[in-house]
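*Asks:* Please find the sequence and the predicted model below.
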Amino acid sequence: MQIKIYDDQQAHAMATQFFGHDYQDPGVMKWGGFLLSEHTACLQAATAAADIKKPSSQAPRAGDDGR
């Protein structure tokens, strides 16, 4: 296997082509997934906290013997 050596102009042209057209950075997609994951976890925690504070509508009331 031979390694081809490029001059500065050729290397710059290849890098421009690669990063401009060929390379797709997954960073934005990963960041969006992270934000969605954090948002979902926050909503689940807020819902769980609200469920704890809110009395259940099916719980028996004091003095109610269920008859």
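*Replies:* Now that the structure is in, tell me what you want to look at.

*Asks:* Confidence-wise, which helix or strand of the protein is lowest on average?
*Replies:* The weakest-scoring helix or strand in the chain, judged by mean pLDDT, DSSP states H and E, is helix 27-53 (a mean of 84).

*Asks:* Could you list every helix and strand that that one packs against?
*Replies:* If contacts are counted by 3 or more CB pairs under 8 Å, 6 or more residues apart in numbering; DSSP states H and E, helix 27-53 sits against no helix or strand. Just so you know, the C-beta spots here come from the backbone N, C-alpha and C atoms, and that holds for glycine as well.

*Asks:* what distance separates it from the centre of its chain?
*Replies:* Distance of helix 27-53 from its chain centroid, counting by CA atoms, centre = their mean, to the nearest Å, is 9 Å.

*Asks:* Residue 16: which element?
*Replies:* helix 8-17 (DSSP states H and E).

*Asks:* So for that helix, what gets flagged as buried?
*Replies:* Buried residues in helix 8-17, counted by 16 or more other CB atoms under 10 Å: none are found.

*Asks:* Contacts for it, please.
*Replies:* Contacts to helix 8-17, defined as CB atoms under 8 Å, 6 or more residues apart in numbering, come from residues residue 6.

*Asks:* quick one: buried residues of the least confident helix or strand of the chain?
*Replies:* Going by 16+ other CB under 10 Å, helix 27-53 has no buried residues at all.

*Asks:* Mind pulling up the pLDDT for residue 56?
*Replies:* For residue 56, the model assigns a pLDDT of 60.

*Asks:* correction: residue 63
*Replies:* Listed pLDDT for residue 63 reads 61.

*Asks:* heads up, I number from 585, so please use that
*Replies:* I'll keep to 585 as the first residue from here, and by that count the last item is residue 647.

*Asks:* Next, work out how far apart residue 593 and residue 601 are.
*Replies:* Residue 593 is 13 Å from residue 601, where distance means CB to CB, to the nearest Å.

*Asks:* no wait, residue 611
*Replies:* Residue 611 is 20 Å from residue 601, where distance means CB to CB.

*Asks:* Next: residue 616.
*Replies:* To residue 601, residue 616 is 27 Å away according to CB to CB.
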